[in-house]
Structures are given as C-alpha cells and as structure tokens.
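*Asks:* Just the structure for this:
(chains A and B)
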Amino acid sequence: MCGICGCDSAEFAPGATPQRTTTDVPKATMAAQTIELHQDLMHANHHQAEHNRDWFAHHRLSAINLVSSPGAGKTTLLEQTLTRLRGRRCALVIEGDQQTELDAARIRATGTPAVQIQTGQACHLDASMVHRALHQLPEMDGALLLIENVGNLICPAMFDLGEKARVVLVSVTEGDDKPLKYPSIFHHADLLIITKTDLLPYVQFDPRKCIEHARQIQPDLQVMELSATRGDGMTAWLDWLEGQ
Amino acid sequence: MHELSLCRNLCRSLEHEVQSRQLKQVLSVQLAIGSLSCVEPQALEFCFSAMNKPAALDGCTLTIRRQPGRATCRQCASCYPLESWLDPCPACGALERDLQGGDEVLIEKMEAC
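*Replies:* Below you'll find the predicted structure:
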C-alpha cells in the first residue's frame, strides 16, 4: 500500500520499481528479437511542419505562431494589429481554441480572413491542423499569417507548426516568474511580448524581473512591452512584423 | 494531454514496423525522453496502459529511460549535463548556455517476434 495516501497503487509500495506499464494479456512465447529503432516520436509532426514551411515559402507567407496562457491578450493584440496593418500589409489568421468560433469572428470583424480550428480534446495546435486550415484560407501570396495557438504554456512548446517565428505573450496580470515556471515555451520563443502594460500601476508585476527570468532560459530572446488597448508600444511591434 | 497524442504516434510507428518487417507481436518498447522535453513519463505510461491498442501491441510493455539534457556554457565553454532548465553551469555558475539536446522523445528499441 502507498505510504503517502493509503491508496492501492503498486507504484508507491515500499521497494517498488516504477517505469513499467503493461496490459494484462500474456506475452507470446515465440523467439523474440530486439530491434534498434532510434525514431523521433515527433517525426510525423516535424514532417508536416516542413511541408507547411515549403507551402509558406512557395506563397511567400510569413507565419508567426503566438503562444501564451489563456487571457494574456493574444486576440486583442491581433485585432489591434490587423486594424493598424490595414492598407499596409495583407494578413491571414488561424485561430486555435478548444471550442467556439468566437475568436475567428472577432478577427473577421477587422476585415481579415480567418479560420477557426476547434481542437476538441487537444491542448495545442499541431502542424496537420494548421495544414488543414491553410486549405480553407484564400490564396494571398506575400501575406502575414498570424497563428493564434491554444492558450496554454506547456503543450504548444513541443509542436512546430512550420512557423518562421514564435512569439510568447505574458500579461502583467500574471506573475513575473512565469518564464521560470514554464521554461520550455520561453526557450523555443524568438520574441517575448509583455502585454497590458497600462495595468502596471495596479499590479505587482515587475517587467525587468520577467525579462531577466526569460533570458535565463533563452539568452537571445527579443523583448517588447505594449498595451494593445492604449496603443503604447504598438509601433515597435508593427515594425517587427514588417521585418518578418 | 499531449501524451495521448504521443501514444497514438507510438502505436502507429510500432504497427508500421511490425507490418514492414513481417512480425506478429511487439513484446516491449523502450523510449528515451529528454529531461527538458514537455513529456511527463507517468502521464505517458498511464495513456499507454489505458488506450485501445492494435492487436500487435497487446501485452506490450513500455519502458521509459530519462535522458538528461546537454549544455555548453557561454561563459566558460564547459559542457555539462542538464536535469532542469534552471541548473547553472557547475563550473562557473552562469546560466547562459547553448543546448545540445534534452528535449528529444525517441523510440529507442523494441522487442518483437
């Protein structure tokens, strides 16, 4: 019996050696052979991501993958970005959420074509979901393709979508220690955007500490601070996008 | 719960190996999971034991080997193993480094007949 909570789990029994999982069917008795494989379990996603990358290159699309926790302000940033980009650069948007078309509707209201991916039980977008969404978007060579990932700071880190750059958002209403708590997503990011800076007078968030923590994980990370609703810092962000 | 997606990939890969090598049954499989990957071994084990698997994987045992990351310090250039993102360089204490691995999720080998 488990010495911690009294459950029947064999894993926590004294002297137990975990790490092995099996179903109840008895093993076959034929002579077995050991076969070395050394295959990447993410191979299928990497392969699809490369295919997406080829598509983006062929159509001169600059694909940007935006990741953050839920509520960090990804959709608001996109709305404000698309409104300001009007007449400057064509854009397309792929929205990822577990349920609803709500975000795609907000994006379409700016006049930008958008496809909503509803992931159902999945907690991230993968390259094949993005591939299917690409077939639903109008052809627009040379456009900016903004992909808003599912709000989640863990799972999306593992899934290459074929993007050119990955942007991670942290809002000032979160903790400035987020990069230390969820390091993997920061390691895989090119740009950190600290959002909702208009709320800084009301919260305990220290942008300097957040940046310091993020650069402990990814020393080459670029950083921006902005308030999409008030417009502070938007010029630098639009210039960065222009360079992609 | 990306561990379930990974288990589906694992089953597809093993089934493909069984068919292409004209085998019947996979008895065991060993994975190597980098300590810096976003994969939780216990969640992976749970998904593998709970999911519906193809007949060729009935009774298949899953073993997971944790593999530390490897880093080169940007300050003193020493190479060191990395168990966590927050481990400093053991030689000089610096945190700035370049990673050479640790986020891999590999099917290392299988035992089959």
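*Asks:* Contacts (any at all) between chain A and the helix or strand residue B:44 falls within?
*Replies:* Assigned by DSSP states H and E, residue B:44 falls within helix B:41-50. Yes - using C-beta under 8 Å from any C-beta of the partner chain, helix B:41-50 reaches chain A at B:41, B:42, B:45, B:46, B:48, B:49. In short, each C-beta sits where N, CA and C put it, glycine included.
*Asks:* what is the rounded mean pLDDT of the longest helix anywhere in chain B?
*Replies:* The longest helix of chain B (DSSP state H) is helix B:2-20. Regarding helix B:2-20, the rounded mean pLDDT is 92.
*Asks:* ok, and what's touching that helix?
*Replies:* A:35, A:37, A:39, A:41-44, A:121-124, A:126, A:155, A:158-159, B:23-26, B:29, B:31, B:38-40, B:43-44, B:46-48, B:51, B:53-54, B:56-57, B:60, B:105, B:107, B:110, B:112 (C-beta atoms under 8 Å, 6 or more residues apart in numbering or on different chains).
*Asks:* if I pick residue A:196, what's in contact with it?
*Replies:* A:73, A:171, A:172, A:173, A:227, A:228, A:229.
*Asks:* Do I have it right that the first one meets residue A:169?
*Replies:* Yes - look at residue A:73 against residue A:169 with C-beta atoms under 8 Å: they come within range, at 6.3 Å.
*Asks:* can you list residues touching both of the two?
*Replies:* residue A:195.
*Asks:* quick one on the thing from earlier: so which elements touch the helix holding residue B:44?
*Replies:* Here helix B:41-50 touches strand A:20-21, helix B:2-20, strand B:26-34, strand B:61-67, going by 3 or more C-beta pairs under 8 Å, 6 or more residues apart in numbering or on different chains; DSSP states H and E.
*Asks:* what's the neighbour count on residue B:12?
*Replies:* 12 (other C-beta atoms under 10 Å in any protein chain shown).
*Asks:* ok so, going back, now, of the helices and strands packed on helix B:41-50, which is deepest in the fold?
*Replies:* strand B:26-34 (a mean of 21; mean count of other C-beta atoms under 10 Å in any protein chain shown).
*Asks:* Need the contact partners of it.
*Replies:* A:27-28, A:32, A:41, B:10, B:14, B:17-18, B:39, B:41, B:44, B:56-57, B:59-69, B:101-113.
*Asks:* rerun at 7 Å
*Replies:* Strand B:26-34 has contacts (C-beta atoms under 7 Å, 6 or more residues apart in numbering or on different chains) with A:27-28, A:32, B:14, B:18, B:39, B:41, B:56-57, B:60-67, B:69, B:101-113.
*Asks:* In strands, which of the contacts of residue A:196 fall?
*Replies:* Using DSSP state E, residue A:171 are the members of the contacts of residue A:196 that sit in strands.
*Asks:* Surely residue A:137 touches residue A:91?
*Replies:* No - at 10.7 Å, residue A:137 does not count as touching residue A:91 under the criterion of C-beta atoms under 7 Å.
*Asks:* Pick out whichever of these two has more residues nearby.
*Replies:* residue A:91 (25 against 16).
*Asks:* what's around the closest residue in space to that one that isn't next to it in sequence, how many residues?
*Replies:* Using C-beta to C-beta, 6 or more residues apart in numbering or on different chains and skipping the chain neighbours, the partner closest in space to residue A:91 is residue A:144 (4.5 Å). Around residue A:144 there are 23 other residues, counting by other C-beta under 10 Å.
*Asks:* can you check the one 4 residues further on too?
*Replies:* Neighbour count for residue A:148, taken as other C-beta under 10 Å: 26.
*Asks:* same thing with the one 5 residues further on?
*Replies:* One way to gauge burial is a neighbour count; for residue A:153, by other C-beta under 10 Å, it gives 24.
*Asks:* so what's it up against?
*Replies:* Taking C-beta under 7 Å, 6+ apart, we find residue A:153 in contact with A:69, A:182, A:185.
*Asks:* Could you do residue A:226 as well?
*Replies:* Contacts of residue A:226 (C-beta under 7 Å, 6+ apart): A:193, A:195, A:197, A:232, A:233, A:234, A:237.
*Asks:* Alright, that wraps it up for me.
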